[in-house]
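1. quick one, what's the 3D model for this:
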Amino acid sequence: MNETLAGVVTRVTGASYIVETTDGLKVRCRTVPSTASENEGSNLVAVGDRVEFRLKASETEMAEGVTSRVEARRTA
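-> Sure thing, here's the model as predicted:
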């Protein structure tokens, strides 16, 4: 479970958010104080952000993870 995965935030739900990987896995993630972000001066996580995370043991039906990095946002 130490493998780092990547995905896109598809929904923010309070203190957690849903990340979808390229292969369709949906993971409920959260941040921790050590989460690194390339988006200073804004919300730590927003819908559309690309993030890196690690899976953790889950007691629910949905996979759970902890975000380690939030990539810089791309604006049009």
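2. neighbours of Ile18, how many?
-> A count of neighbours around Ile18, defined by other CB atoms under 10 Å, yields 17. Quick note: C-beta positions are derived from backbone N, CA and C, even for glycine.
3. low pLDDT regions in this structure?
-> For the chain, the stretches with pLDDT under 70 are 1, 75-76.
4. let's go with 50 and repeat that
-> Within the chain, the ranges that satisfy pLDDT under 50 run 76.
5. how many residues are close by the nearest residue to Leu25 once chain neighbours are set aside?
-> Excluding the flanking residues, the one nearest Leu25 by CB to CB, 6 or more residues apart in numbering is Ala63, at 6.5 Å. The burial count assigned to Ala63 is 16, neighbours taken as other CB under 10 Å.
6. quick check: buried residues in the longest strand seen in the chain?
-> For the chain, the strand that runs over the most residues, judged by DSSP state E, is strand 4-13. Residues of strand 4-13 classed as buried: Leu5, Gly7, Val9 (neighbour count, 16 or more other CB atoms under 10 Å).
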